[in-house]
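**Q** build me a model from this:
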Amino acid sequence: METLHQDAHTIIRHTLSHVLPQAAVQRALAEKTFPSDGNIIVISIGKAAWTMAKAASDFLGERIHKGVVLTKYGHSLGEIPSFQIAEGGHPLLDENSIHGTELVLEAVQHLSADDTVVFLISGGGSALFEKPAASLTLSHIQDISKQLLACGADIVEINTIRKHLSAVKGGRFAQLCAPASIYAIALSDILGDRLDAIASGPAYPDSSTCADAMAIVEKYHLQIPPEVQEQLQQETPKEIHNCETVITGSVSQLCHFAAQAAQTLGYTPLVLTTMLDCEAKEAGRFLGSIAKTLEKGEGPCKGPCAIICGGETIVHLTGSGKGGRNQELALAAAPYLDGISHALVAAVGSDGTDGPTDAAGGMTDGTSMQKLRDKGISIDTVLADNDAYHALQAIDACIMTGATGTNVNDLYFLLYRPSN
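**A** Numbering: from 1, shown residues only. Alright, predicted model coming up:
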C-alpha cells in the first residue's frame, strides 16, 4: 500500500508541474505582435492570476504600462513590478473582489485604439471578477451564488446566471476596454473549453440568453427578488470585435501528463474521460466499483493499471460540514476499496485548493474504511453533512499541495496492482 501512495503522490507532482502556466503564457506572448506606439496594460484574474502575471512581467518587462492582479486569498506570492495586486473571496465573492474589479476597470479607462490589454484568465475568475450590473448589490450576487452552489448547478449554469447579473462578464468587459484591442490568454477550467464560459467570458460574445438564465432559475427553484429578475431580462453582448483569445492549458493536458507519469511508474494508463461532470459521490463510487471489477480479474485492463479521469464534479449541499468535491469523491470510493490491499483512489484539484479548505483533495485505499471504523466515523453520516475534510483529516488522507499557480479542472485516478 505504501508503494501505491508513493506512486500516487509522484503522479500528482509530475502532473501539476507540467501544467503550470509560465512557459505557456510566454509562448502565447511570443506569438503576438504589439503596436509599437501603444501602451500595454496587463489584467490577470483567477486563481492562477499571480503566476500568469509574473510570466507576462518576466517576458514583457518595461513594455508593461500598468497591470492588475485579482486572485483568491493566499494565491499571490509577492510584488510584481508595475502591478497592483488584489485578493478576494472564492467561491463566494466579497467586498475585496468588488474592490479588485474596480482597480481593473480604472486601469482600462481612457484607452486608445493603439493600446493593448493583455487579459490573462484562469479558473476562479468568474467568482473573483465582478461588478454587479445596474442597481444590483454585492448581497444580491452573494445570495444567488450561494443558492447555485448549494443546489448542485454545474459551472456553465452558474456562469450563465453570473453573466446576466454582471457589468463585466459575458463580453461586457471587452466593451469597456474599447477602442483598445484585447489579447486574452486563458487557462481553461471549463469542460469543452467554451470561451464564453471560461471566467464567464468577460471578453467574449455570450452564447447564453435571457431565456437560458430564466430556465436555470426555474430548474433549481431559485428564490430571486424583483430587481434580480429584471436584470436577468437584460441581454448580454452577442458580438465582440476587439478581442483575440488563445487557450494555453486545459484538463486534457492534465490527464495526458497523469497518464505519462503512471506509465513511467509501470502502470498501463487508461484515460476514460476528460469531461466528468456528475455528482462527486457518484464519481467516487464509480472509480471504486472499477477496483472491485479489476479485483475479479475483469475490466478494461490487465496487470498494474491507472484509470484516469478529468473534469469537474458537483456537490449537493445537504449539511453544514467542511469539505470539497474532490475530498467527497475520494471518501465515497472508500467502501468499494474496503479490504482490497492494492487499490487506491485519488482526487485532486489542479489549483491546490478544494472548496473552502486548505486541502487539494483526498486519497483513500483498502485500509481507509477500517481506519474510519476504528475512529467511530460513519461515511454515510459524513457525506450527508458534507464533512469529508474532517473525516479524511482524521485518517491522514487529505492531499495537501498548497496553491499551485494553475487551474485546469480536477484529476481523478484509480491505481491498481494485482496481488499475484
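**Q** all strands of the stretch 101-250 of the chain, in order?
**A** Secondary structure of the stretch 101-250 of the chain (DSSP state E, counting those that start in this stretch): strands located at 116-121, 181-187, 243-249.
**Q** and those as CSV, adding mean pLDDT?
**A** Below are the strands of the stretch 101-250 of the chain laid out as CSV (pLDDT from 0 to 100):
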stretch, mean pLDDT
strand 116-121, 97
strand 181-187, 96
strand 243-249, 92
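**Q** reformat those as TSV; add distance to Pro91.
**A** From N, CA and C alone the C-beta is placed, and that goes for glycine too. Listed next are those as TSV, based on distance: least, CB to CB, whole Å:
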stretch	distance to Pro91
strand 116-121	17
strand 181-187	17
strand 243-249	20
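**Q** got a list of what Asn407 touches?
**A** By CB atoms under 8 Å, 6 or more residues apart in numbering, the contact list for Asn407 reads 46-48, 122-124, 187, 189, 349-351.
**Q** of those residues, grab the buried ones for ChimeraX.
**A** The buried residues among the contacts of Asn407 can be selected in ChimeraX (16 or more other CB atoms under 10 Å) with this line:
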select :46,47,48,122,123,124,187,189,349,350,351
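**Q** ok, of the contacts of Asn407, which one's closest to Thr364?
**A** Gly349 (16.2 Å; CB to CB).
**Q** hmm, back to that, just the ones in helices from the contacts of Asn407, please.
**A** Per DSSP state H, helices hold no members of the contacts of Asn407.
**Q** mind checking the SS state of Asp380?
**A** helix (DSSP: H, G, I helix; E, B strand; the rest coil).
**Q** list the buried residues in stretch 296-305.
**A** Under the neighbour-count criterion of 16+ other CB under 10 Å, stretch 296-305 has 299, 304-305 buried.
**Q** residue ranges of the helices in the stretch 101-250 of the chain, please?
**A** Under the criterion DSSP state H, counting those that start in this stretch, the stretch 101-250 of the chain carries helices at the ranges 125-128, 138-151, 155-164, 172-177, 210-219, 226-231.
**Q** go through the ones you listed and name the closest to Ala258.
**A** helix 155-164 (21.1 Å).
**Q** which strands and helices lie in contact with that closest one?
**A** With contacts defined as 3 or more CB pairs under 8 Å, 6 or more residues apart in numbering; DSSP states H and E, the packing partners of helix 155-164 are helix 125-128, helix 138-151, helix 210-219.
**Q** which elements pack onto the second one?
**A** Using 3+ CB pairs under 8 Å, 6+ apart as the contact test, the elements touching helix 138-151 are helix 155-164, helix 226-231.
**Q** same check on the shortest one?
**A** Where contact means 3+ CB pairs under 8 Å, 6+ apart, helix 125-128 is packed against strand 64-72, helix 95-107, helix 155-164.
**Q** residue ranges in the stretch 101-250 of the chain under the pLDDT threshold?
**A** For the stretch 101-250 of the chain, no stretch is flagged by pLDDT under 70.
**Q** mean neighbour count added to the helices and strands packed on helix 125-128, as CSV?
**A** Below are the helices and strands packed on helix 125-128 laid out as CSV (neighbours: other CB atoms under 10 Å):
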stretch, mean neighbour count
strand 64-72, 24
helix 95-107, 18
helix 155-164, 24
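**Q** rebuild these as CSV, extending it with distance to Ala55.
**A** Below are these laid out as CSV (distance: least, CB to CB, whole Å):
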stretch, distance to Ala55
strand 64-72, 12
helix 95-107, 18
helix 155-164, 25
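**Q** to Val251, which of the ones you listed lies closest?
**A** Of those, nearest to Val251 by CB to CB is helix 155-164, at 12.0 Å.
**Q** got the angle between the closest one and helix 138-151?
**A** Relative orientation of helix 155-164 versus helix 138-151 (axes from the mean of the first three to the mean of the last three CA atoms, to 10 degrees): 170 degrees.
**Q** now what about helix 155-164, what contacts it?
**A** By CB under 8 Å, 6+ apart, the surrounding residues in contact with helix 155-164 are 126, 130, 133, 141, 144-145, 148-149, 169-170, 189-191, 194, 197, 200-201, 206, 208, 210, 212-213, 216-217, 219, 231-232, 234, 236, 312.
**Q** which among those residues end up buried?
**A** Counted by 16+ other CB under 10 Å, these give 126, 130, 133, 141, 144-145, 148-149, 169-170, 189-191, 197, 200-201, 206, 208, 212-213, 216-217, 231-232, 236, 312 as buried.
**Q** list the contacts for Ser26?
**A** Just to correct that, residue 26 is Gln rather than Ser. Contacts for Gln26 (CB under 8 Å, 6+ apart) come out as 55-56, 58-59.
**Q** looking at those residues, spot the one nearest Phe413.
**A** Closest approach to Phe413 among the contacts of Gln26 (CB to CB): Ala55, at 28.1 Å.
**Q** name the element the closest one belongs to?
**A** Using DSSP states H and E, Ala55 falls within helix 49-60.
**Q** buried residues, that helix. List them.
**A** Result for helix 49-60 [16+ other CB under 10 Å]: buried residues 49-57, 59-60.
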